[in-house]
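Student: based on what follows, work out the 3D shape:
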Amino acid sequence: MSDYLLQAKTISDSLTAVGKPLEDSELIQRILGRLGAEFKEFITSPASSHVRQSLNLDELTELLLKKEMLQQKFVVPIEQSTSLAA
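Tutor: Predicted coordinates:
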């Protein structure tokens, strides 16, 4: 996620450098539009929709990175989950 967000920020900065800046809201929409299925509820939830509309890019970045950390924390490796079932 951090690589993806860094790439989006780099593209945005490059566009700004050539006189074609993106508004934060447009960049946020582009970032959200390309997130994977694991972020579906973050994108489609009505409550999330209201929150997202009031976020700036830094706040969105923080939320997405926290969500990714939580997802990774609760993922059980396949070999561990199969040994639990035995």
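Student: next up, the contacts around residue 42.
Tutor: Contacts for residue 42 (CB atoms under 8 Å, 6 or more residues apart in numbering) come out as 35, 48, 63-64, 67. Where C-beta positions appear, they are placed from N, C-alpha and C, glycine not excepted.
Student: dump the residues you listed to a markdown table, plus neighbour count and secondary structure.
Tutor: Converted to a markdown table, these look like this (neighbours: other CB atoms under 10 Å; DSSP: H, G, I helix; E, B strand; the rest coil):
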| residue | neighbour count | secondary structure |
| --- | --- | --- |
| 35 | 15 | coil |
| 48 | 15 | helix |
| 63 | 15 | helix |
| 64 | 19 | helix |
| 67 | 16 | helix |
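Student: pipe those into TSV and attach pLDDT per row.
Tutor: Below are these laid out as TSV (pLDDT from 0 to 100):
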residue	pLDDT
35	86
48	65
63	86
64	88
67	85
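Student: what is the nearest of these to residue 73?
Tutor: residue 67 (10.7 Å; CB to CB).
Student: now do the contacts for the residue nearest to the spatial centre of the chain.
Tutor: By CA atoms, centre = their mean, the chain has its centre lying nearest to residue 64, at 4.0 Å. By CB under 8 Å, 6+ apart, the contact list for residue 64 reads 1, 5, 31, 35, 39, 42.
Student: and the last one, what are its phi and psi?
Tutor: What that stands for is residue 42. Dihedral pair for residue 42: phi -70, psi -30, per degrees, to the nearest 10.
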